[in-house]
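**Student:** Quick check, what structure comes out for this input:
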Amino acid sequence: MTVSTEPLAHPAGAPVGILPRRAGFDHWPGWTVIAKWLGWAMLALTYLPLVWLAVLSISEQPLSGMPWPLSAQHYVALWSDDSWVLPLLKSIGIALLVSATCMVVATAVGRVVPLLKRPGGFVLFAVLPLFVPGMTMGAALFNLLRSYLDLRLGWWSIFLGHLVWALPFSLLLVLVLVTRFDHRLIDAAEDLGAGPWQRFWHIEFPILRPGIVGAGLFGFLLSFNEVLRSIFLRGTETTMPIWTWLMAASQQTQVPTIFALGTLILVVTLPLLGGFFWVLFVRLERGG
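**Tutor:** Numbers count the residues shown, from 1 in each chain. Below you'll find the predicted structure:
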């Protein structure tokens, strides 16, 4: 009996021998089950601590780790002490400014990068701050602004430190879409008489919109939660993360109040972000 050495034919006519082979998972059917449970474990590790934090925020003795007996005393204490309100407003204001700046700068720079002769070197230096520890960057900026330039630190220096931290993330998000963008669309629109603003708004922006919005969200969240750089650059200002850190470090009795505050922020932000993403990526895509 002779065995044919010709490659088996694909139903569409393409030989199997030239088709891309899948990884060896077909020989191990259990990998899908393991992957599914790993995914559920990751989600549980993310959301269960948040749920438990909310439960402990209404516990009479949250530091004991037991939810019973229930009590709203920590929320009452939170509303009776407004020392956290101003730091929260400052954090929101700085984060919004960082978010807007990240969207504008990342979009402007990201659109130019593919046109450079050697974009790889520029991108490398642009993303290197991601790998610099926050304490190191904060100390370096403090040394530059306070010791050498003799400037008075405050909210503006916090903004600068947060921007240096968030901008590389935002730029990467925009670059992911920019590098896949077909610039022949721009050339075609220009040949048809479209101006620079029309070409950007009607052609580029709809394609780059997820990256631009993601850049703004990353900028806001990274700024709102930043501590290490803020400690060096805050001067006499106090942001929400710094206030939380100071209260938890100096007064253990404030920890239950921090639980309540963290729960309130979570209850407000998650539905807002969820609704925002739904409007942006679901409803607009459906044409609604």
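**Student:** Quick check: phi and psi at the spatially most central residue of the chain.
**Tutor:** Geometric centre of the chain, nearest residue: F218, 3.1 Å, by C-alpha atoms, centre = their mean. Recorded main-chain torsions at F218 are phi -60, psi -40, according to degrees, to the nearest 10.
**Student:** mind checking pLDDT for it?
**Tutor:** Turning to F218, the model gives it a pLDDT of 87.
**Student:** Quick check: it vs F224, distance?
**Tutor:** Look at F218 and F224: by C-beta to C-beta, to the nearest Å, they are 11 Å apart. Any C-beta I mention is one placed from the backbone N, CA and C, and that applies to glycine too.
**Student:** do the same with L88
**Tutor:** Following C-beta to C-beta, the distance that separates L88 from F224 is 10 Å.
**Student:** Report the set of residues contacting both of the two.
**Tutor:** Counting by C-beta atoms under 8 Å, 6 or more residues apart in numbering, the residues touching both L88 and F224 are M240.
**Student:** Those two: who's more crowded?
**Tutor:** Comparing L88 with F224 by other C-beta atoms under 10 Å, the one with more neighbours is F224, at 21 against 18.
**Student:** for that one, what are its contacts?
**Tutor:** Taking C-beta under 8 Å, 6+ apart as the definition of contact, the neighbours of F224 are 91-92, 95, 240-241.
**Student:** Among those residues, which one sits closest to L43?
**Tutor:** Compare each of the contacts of F224 with L43 using C-beta to C-beta and the shortest gap goes to P241, at 25.3 Å.
**Student:** and the closest one, what helix or strand is that in?
**Tutor:** Secondary structure assigned from DSSP states H and E places P241 in helix 240-250.
**Student:** can you tell me the average pLDDT over that helix?
**Tutor:** 84.
**Student:** Contacts made by that helix with the rest, please.
**Tutor:** Outside helix 240-250, the residues that touch it by C-beta under 8 Å, 6+ apart are 83-84, 87-88, 90-91, 224-227, 230-231, 234, 238, 254-255, 257-258, 261-262.
**Student:** Let me know the next secondary structure element after that helix.
**Tutor:** Per DSSP H and E, helix 240-250 leads on to helix 255-277 as the next helix or strand towards the C-terminus.
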